[in-house]
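[1] Coordinates only, no sequence provided:
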């Protein structure tokens, strides 16, 4: 099995949001697709460890916001890599309430769907959730974000809870795909010296030299300039280039 | 509900093939996605009227070939719009046999997966089929075909059995999306005069002036040049530009 074959499957990128007993939840997902047209039904695959999953199953509703190609990356960081138990993901984010009662995230959104859960299938690590689309709107004619574009632009892997996550050792030594022609904004490289705190511009993770990064064996007291070039953000897998000195 | 919102969902395009009791079947599908990563599972949504669906359920196996961006359109016509009861779709197509015994279509393919069916869910018009990926290979680093690119390039709608099919009257009067910058090969426009037979270069449908097209009220005896400009292929929805005089 060559796991790189999975990189040839195409996906979009979506914010999936719900609300249960007054608590709003949401995450970034790529595995959403229409499964019937009359009536319109959508299926999503959601990790059991994902805090939102049980809320969606309990409330039986979710919204699906289709992200635009040039998405606000802080939205990805917030909904894709942070936990709702740590931050209020919805603070500062424009939303409206759907017919089902689910919150719809409107930031960086080209279209949205309001979905009523019909049934769910336990497929192992994930729940496959089947829903009827009860409402939907087109917000903008901008191009939607694709997983492929995002992956190549930010050189990122899928988060561990994504159905498309592949462990690095399964990918072997073959080279990564070429990045897309349209480059990301030039990552900040100025003033990389010193021993200040460096923050991941994708997900907001902060590297503090006093603490190092024990998850990958970088001992406390290691300044940023001594962190190996192949270092990846422990939260979102962004490369070292995407860290910026913040203090 | 604005049904144009559904056009913002992203998909690839795949050949899904199987074999049951010596009979090979296959069709073009866009609704295939990975639903878990360990072990790797894929779900597809397949119309109950699709001849291949029951064969996949009976044989409990299918292959998924990821098509390349510049796909051979005859492959789309053959597997996407013709019935296996009318033609041998596999004639002249390069295949190999997967571990499960399913035939893998290698023409225009950048990667393939060999899938063992685990379960299926009746979701109305379609069956949602869940399978474990038992083998997979990357054939080429070429870009995969996306449904969006194909739709814009050939100005086509999804076939009626696709989960993403939308009736024209649901789309209202809003304009279609802009076509992609990379244009299709210039459609054949030379020698459009006369009353010969014109063939759809996408799916092979033949317009015969002696018969007209009673499905949309074009009476027998109407030469091609008198067929309205907004005419669409009754099989695959390709516009008039994609018809070529063949006799």
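    Here it is on my side, so go on. Keep in mind that this is a model prediction, so the values were computed, not measured. Numbers count the residues shown, from 1 in each chain, chains lettered A, B, ... in the order given.

[2] Let me see the ranges of the helices in chain A.
    A:51-59, A:73-76, A:147-154 (DSSP state H).

[3] low-scoring stretches of chain A, by residue?
    A:154-160, A:165-169, A:171-194 (pLDDT under 70).

[4] Now with 50, please.
    Applying pLDDT under 50 to chain A flags residues A:174-190, A:192.

[5] Reformat the helices of chain A into JSON lines and put distance to residue A:230 and mean neighbour count next to each item.
    No exception for glycine: its C-beta is placed from N, CA and C like everyone else's. Below are the helices of chain A laid out as JSON lines (distance: least, Cβ to Cβ, whole Å; neighbours: other Cβ atoms under 10 Å in any protein chain shown):
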{"stretch": "helix A:51-59", "distance to residue A:230": "31", "mean neighbour count": "19"}
{"stretch": "helix A:73-76", "distance to residue A:230": "22", "mean neighbour count": "20"}
{"stretch": "helix A:147-154", "distance to residue A:230": "16", "mean neighbour count": "21"}
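
[6] Redo those helices as JSON lines? Include distance to residue B:225.
    Output for the helices of chain A, formatted as JSON lines (distance: least, Cβ to Cβ, whole Å):
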{"stretch": "helix A:51-59", "distance to residue B:225": "56"}
{"stretch": "helix A:73-76", "distance to residue B:225": "53"}
{"stretch": "helix A:147-154", "distance to residue B:225": "43"}
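
[7] is it possible to export those helices to a markdown table including distance to chain B?
    Below are the helices of chain A laid out as a markdown table (distance: least, Cβ to the nearest Cβ, whole Å):
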| stretch | distance to chain B |
| --- | --- |
| helix A:51-59 | 13 |
| helix A:73-76 | 16 |
| helix A:147-154 | 8 |
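
[8] and of these, who's closest to residue B:48?
    helix A:51-59 (26.9 Å; Cβ to Cβ).

[9] dump the residue contacts of the most centrally placed residue in chain A.
    Nearest to the geometric centre of chain A sits residue A:80, at 3.0 Å (Cα atoms, centre = their mean). Shown in contact with residue A:80 (Cβ atoms under 8 Å, 6 or more residues apart in numbering or on different chains): A:27, A:28, A:159, A:203, A:236.

[10] Contact partners for the first one?
    Each residue near residue A:27 by Cβ under 8 Å, 6+ apart is listed here: A:15, A:16, A:46, A:50, A:51, A:52, A:79, A:80.

[11] residues contacting the residue nearest to residue A:83 when sequence neighbours are not counted?
    Nearest in space to residue A:83, with sequence neighbours left out and distances taken as Cβ to Cβ, 6 or more residues apart in numbering or on different chains, is residue A:51 at 6.2 Å. Residues in contact with residue A:51 (Cβ under 8 Å, 6+ apart) are A:25, A:27, A:83, A:84, A:85.

[12] Bridge partners for the closest residue in space to residue A:103 that isn't next to it in sequence, pull those for me.
    Residue nearest to residue A:103 in three dimensions, not counting chain neighbours: residue A:95, with 4.5 Å by Cβ to Cβ, 6+ apart. Here residue A:95 sits in beta bridges with residue A:105, going by DSSP bridges.

[13] For burial, what's the neighbour tally of residue A:137?
    Around residue A:137 there are 18 other residues, counting by other Cβ atoms under 10 Å in any protein chain shown.

[14] In contact with the residue nearest to residue A:236 when sequence neighbours are not counted, which residues are there?
    Distances taken as Cβ to Cβ, 6+ apart put residue A:203 closest to residue A:236, at 3.8 Å, once the chain neighbours are dropped. Contacts were defined as Cβ under 8 Å, 6+ apart; by that measure residue A:203 touches A:76, A:77, A:80, A:81, A:82, A:233, A:235, A:236, A:238.

[15] is it possible to export these to a markdown table including distance to residue B:66?
    Putting the contacts of residue A:203 into a markdown table (distance: Cβ to Cβ, whole Å) gives the following:
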| residue | distance to residue B:66 |
| --- | --- |
| A:76 | 25 |
| A:77 | 30 |
| A:80 | 25 |
| A:81 | 28 |
| A:82 | 32 |
| A:233 | 29 |
| A:235 | 30 |
| A:236 | 26 |
| A:238 | 27 |
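
[16] That'll do, ta.
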